[in-house]
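Asker: fold the following and give me the result.
(one chain, ligands or ions: 2)
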Amino acid sequence: MLNQNKHLKINMDVKNHKILLSLGSNLGKEESTIFQALDLLITNNEITIDNISSIYKTEPLGLSNQKWYTNIAASGTTTLSEIELLYFCKSIEYLLGRKSRTRWSEREIDIDILFYGNSVFSSKYLTIPHKELHLRNFVLEPLAEIEPDFVHPLISKSIISILENTPDNLLVVKSQTNT
Ligand code: A4P
Ligand code: MG
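Answerer: Ligands and ions are numbered 1, 2, ... in the order given. Modelled structure (predicted):
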């Protein structure tokens, strides 16, 4: 009886956190890989995906001699911790064939955790909010479509207002509306 109560207490303490993710690919079947990644995310019963943006075609940031990217943003919830969510995203990247390359190289799939509720978190392996999201049109445009009013906990501005003032001038083109 005592043990049962202990488990009940643990379950009641589990918290659902809002998550905002950015997914990108510029190698292989980009769109289908991104949707496979979303399908794999929800195989975890501790993750929900509630909304996804349109698909965007985006000019590459970093190494310019690579193909344009396909990028989307997604929102959902999780009861995983920040680090558990990162490891799960990394395992999906691996399953979908992401190879190890130098930073900013072309990639089969990239899953970045943009926000985890209003959490501010920094460790060797994970920084939340994602440290460069406010400087990137390819992240901000899709995100503004689904979460324009979400306020960045460090910058204290909404996504739409960050987008309106971004210094980034790389091109982002909406290619398909999700219905
Ligand atoms: N990491 C730290 N914080 C996070 C976070 N919030 N979410 C660590 C996810 N990962 C995070 O990432 C390197 C390490 O960052 C991870 O192992 C994790 O521990 P990675 O995905 O393995 O390598 P990367 O993506 O090459 O490096 P990085 O620094 O994450 O690059 P970005 O910022 O992801 O940029 N241009 C366009 N148009 N569209 C793109 O999607 N993507 C990139 C990659 C460059 N140019 C692009 C795009
Ligand atoms: Mg990344």
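
Asker: which SS state does whichever residue of the chain sits closest to ligand 1 fall under?
Answerer: Closest approach between the chain and ligand 1, counting by Cβ to the nearest ligand atom: Gly24, at 2.7 Å. C-beta here means a position set from N, CA and C on the backbone, and glycine is covered the same way. Gly24 falls in the strand class when you classify it by DSSP: H, G, I helix; E, B strand; the rest coil.

Asker: beta partners of it?
Answerer: Asn71, Asp110 (DSSP bridges).

Asker: number of nearby residues for it?
Answerer: Neighbourhood size, Gly24 [other Cβ atoms under 10 Å]: 23.

Asker: tell me if stretch 57-71 is near ligand 2.
Answerer: No: Stretch 57-71 stays out of contact with ligand 2 when judged by Cβ under 5 Å from the ion, the minimum separation being 11.2 Å.

Asker: equivalent analysis for stretch 91-111, please.
Answerer: Yes: residues of stretch 91-111 are located near ligand 2 by Cβ under 5 Å from the ion, namely Asp110.

Asker: and whatever helix or strand Leu38 lives in, what's buried?
Answerer: Counting by DSSP states H and E, the element that carries Leu38 is helix 30-41. Buried residues in helix 30-41, counted by 16 or more other Cβ atoms under 10 Å: 30, 33-34, 37-38, 40-41.

Asker: what comes into contact with it?
Answerer: Contacts of helix 30-41 with the rest of the structure, by Cβ atoms under 8 Å, 6 or more residues apart in numbering, involve 21, 23-25, 47, 49, 52, 55, 69-70, 72, 74, 76, 88-89, 92-93, 95-96, 108-109, 111.

Asker: ok, of those, which come out buried?
Answerer: Among the contacts of helix 30-41, those buried by neighbour count (16+ other Cβ under 10 Å) are 21, 23-25, 47, 49, 52, 55, 69-70, 72, 74, 76, 88-89, 92-93, 96, 108-109, 111.

Asker: can you pull the buried residues of stretch 98-111?
Answerer: By neighbour count on 16+ other Cβ under 10 Å, the buried set for stretch 98-111 is 98, 106-111.

Asker: measure that stretch end to end?
Answerer: Length of stretch 98-111, first residue to last, Cα to Cα, to the nearest Å: 11 Å.

Asker: quick one: that stretch near ligand 1?
Answerer: Yes: Stretch 98-111 comes into contact with ligand 1 (Cβ under 6 Å from any ligand atom), by way of 103-104, 110.

Asker: so can I have TSV of these showing pLDDT?
Answerer: What follows is the residues of stretch 98-111 next to ligand 1, written out as TSV (pLDDT from 0 to 100):
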residue	pLDDT
Arg103	73
Trp104	70
Asp110	94
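
Asker: cheers, nothing more for now.
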